[in-house]
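**Q** I'd like to go over a predicted model; first the sequence, then the structure.
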Amino acid sequence: MLDKWFEKDIKNLLDISDKIVLIDVDKNYEFLGDKIFQDSCIEVFIVEDYLSDLKTKCKIEKEYRDEKVLIHSYLDPAVTDRHQYMIQEYATAGVKFSRPLHRYIATLPVGG
């Protein structure tokens, strides 16, 4: 049931913005993203490091500018060590989903 709620919430966010950034530093949402979006029309990009961040930004701007995308980031774009992450733009201008999984689950209805 968790996967259905998560999918619905992400799709509702995609009604607000074409670009959603899922901040998942602890990689707790991996199983949900894999299960939900493998058969979906929503393109999913994984950002693991500075290089994948750059590649993702370029690919989205070149090929998916007007498409709905989910950027699943294992980086927190608010934490900048020595790099300015490109996904910061999407997290600021679009919609950011950054609740830890246990807090997200706590907001869900009891009993379905």
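**A** Here it is on my side, so go on. Numbering: from 1, shown residues only.
**Q** What residues sit buried inside whichever strand or helix holds Leu13?
**A** Assigned by DSSP states H and E, Leu13 falls within helix 2-16. Across helix 2-16, burial judged by 16 or more other C-beta atoms under 10 Å covers 5-7, 9-10, 13-14. (Each C-beta comes from the backbone N, C-alpha and C, glycine too.)
**Q** Look up how far His72 lies from the residue nearest to Ala91 when sequence neighbours are not counted.
**A** Excluding the flanking residues, the one nearest Ala91 by C-beta to C-beta, 6 or more residues apart in numbering is Val21, at 4.3 Å. For Val21, the distance to His72 (C-beta to C-beta, to the nearest Å) stands at 8 Å.
**Q** More neighbours: which of these two?
**A** Shown here are Val21 and His72; by other C-beta atoms under 10 Å, Val21 has more neighbours (28 against 24).
**Q** in this structure, what secondary structure element scores lowest on mean pLDDT?
**A** When each helix and strand of the chain is scored by mean pLDDT, DSSP states H and E, helix 30-37 comes last, with a mean of 70.
**Q** That one: what's the following helix or strand?
**A** Once the chain leaves helix 30-37, the next helix or strand it forms, by DSSP H and E, is strand 43-47.
**Q** Can you list the strands that that next one pairs with?
**A** Paired neighbours of strand 43-47 in the sheet (DSSP bridges): strand 69-73 (parallel).
**Q** Compute the inter-axis angle for the partner strand and helix 2-16.
**A** Interaxial angle, strand 69-73 versus helix 2-16 (axes from the mean of the first three to the mean of the last three C-alpha atoms, to 10 degrees): 120 degrees.
**Q** Check which helices and strands the helix or strand that strand 69-73 is followed by sits against.
**A** Counting by DSSP H and E, the next helix or strand C-terminal to strand 69-73 is helix 87-93. Applying 3 or more C-beta pairs under 8 Å, 6 or more residues apart in numbering; DSSP states H and E, one finds that helix 87-93 contacts strand 19-23, helix 50-63, strand 69-73.
**Q** To Glu30, which of the ones you listed lies closest?
**A** Closest approach to Glu30 among these (C-beta to C-beta): strand 69-73, 7.9 Å.
**Q** With just CA atoms, put that closest one into PDB.
**A** Taking C-alpha atoms only, strand 69-73 is exported to PDB below (Å, rounded to 0.1, in the frame of the first residue of the first chain):
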ATOM      1  CA  VAL A  69      10.800  14.100 -14.500                       C
ATOM      2  CA  LEU A  70      11.600  12.800 -11.100                       C
ATOM      3  CA  ILE A  71      15.200  13.500 -10.000                       C
ATOM      4  CA  HIS A  72      16.000  11.000  -7.300                       C
ATOM      5  CA  SER A  73      19.000  12.500  -5.500                       C
END
